[in-house]
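>>> sequence below, structure please.
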Amino acid sequence: RRRRSSSPAVIACCHRLVSSPGLIAWSHSQVPIFPSQPHAFVTDDVTTDGFTTEGVHEVSAASLGPNTPVMADDIPIAHTPPGGYGATFPEPVLAACTEPLVEGAPDLRGLWAVVAAERGGQPVPGDDPILTYVERIEQCGNRIVDMGGGTISDARADGTEENGVHDVWVFDYTTPLHVVASYEDEVFVLRPVGLPGVEVTRRLDDRGRMIWTRPDGGGLVATLERIGDGAGTPLNTFYRPAPPDGSGGAEDAP
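Residues are numbered from 1 along each chain as shown. Reported below is the predicted structural model:
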């Protein structure tokens, strides 16, 4: 179980989702309506599938003094909202964090867009949806938040299942997903629980591009370029609502 924050600044500014008009409103098109102030998500403990997940509160960066150190533990865990986060990214989660990255972590922070991809060693066709894919990565200490395809994966890259991703699959935004996250030789590695041998990786090449591999995606190898710092609520060009029967929507994985 992750340590709950005891920071007075965090405790003082938290309030329940039901009383937070900035976070409770989700439009019919699933585009989230957030307060203008940078924030993070926090939740009350809710046990799902034997793991502790968390239901949303708001933490305002304005409540923290300009010289107040903010550690990864001080910022609550973020989760995918019902139906995915929609056509725009939510506000960043770790914007207020001042904790440096742990040793061995690749610096993947920023907004990334796919510029090339191949499956099974062959380039994908020009109309392949993966070429519209954009994701945002935030890092703080050994914590990493990866948003892509409408989902939010928030984990500690410490190699434990307890502190890994506990969220939902992108295919229906409903099925529980548990993933072990780690940094290994400057590679970000995700291992979905229950899928032995599957490793989703992200690393930087010698040109500063991110190489994303997904053996479960037909042997996908995608090259992404950093197109911004990810501030604000950028457009999610890859967003495609999942069908009601859950037969498939966005193709993204952890």
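>>> just give me the neighbour total for Leu175.
One correction, residue 175 is Thr, not Leu. Look at Thr175: counted by other CB atoms under 10 Å, it has 11 neighbours. Yep, even glycine has a C-beta here, placed from its N, CA and C like the rest.
>>> how much space between the closest residue to it other than its chain neighbours and Asp216?
Once flanking residues are discounted, Thr175 sits nearest to Trp169: 4.4 Å by CB to CB, 6 or more residues apart in numbering. Separation of Trp169 from Asp216 (CB to CB, to the nearest Å) stands at 11 Å.
>>> give me the more crowded residue out of those two.
More crowded of Trp169 and Asp216, by other CB under 10 Å: Trp169, with 19 against 14.
>>> contacts only, for the more buried one.
151, 175-177 (CB atoms under 8 Å, 6 or more residues apart in numbering).
>>> contact partners of the host helix or strand of Glu225?
If you go by DSSP states H and E, Glu225 is part of strand 220-228. With contact meaning CB under 8 Å, 6+ apart, strand 220-228 is reached by 110-119, 130, 133-135, 205, 208-214, 234.
>>> are any of the residues you listed buried, and which?
Buried by 16 or more other CB atoms under 10 Å: 110-114, 117-119, 130, 133-135, 209-210, 212-214, 234, out of these.
>>> now, which of those residues lie within strands?
If you go by DSSP state E, the buried ones among the contacts of strand 220-228 have 110-114, 117-119, 134-135, 210, 212-214 in strands.
>>> now for these: which two are most distant?
Distances among these were taken as CB to CB; the most separated pair is Gly110 and Arg119, at 25.0 Å.
>>> ranges for the helices of the protein?
8-13, 21-24 (DSSP state H).
>>> worst average pLDDT in these?
Ranked by mean pLDDT, those bottom out at helix 21-24, which scores a mean of 28.
>>> can I assume Asp216 is in contact with Pro196?
No: with contact defined as CB atoms under 8 Å, Asp216 does not reach Pro196; the gap is 11.7 Å.
>>> turn the contacts of Trp169 into CSV, columns for distance to Glu91 and pLDDT.
Listed next are the contacts of Trp169 as CSV, based on distance: CB to CB, whole Å; pLDDT from 0 to 100:
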residue, distance to Glu91, pLDDT
Thr151, 16, 96
Thr175, 26, 96
Pro176, 25, 97
Leu177, 23, 97
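>>> let me know the closest of those residues to Thr160.
Leu177 (16.0 Å).
>>> what sits against that closest one?
Each residue near Leu177 by CB under 8 Å, 6+ apart is listed here: 165-169, 192, 254.
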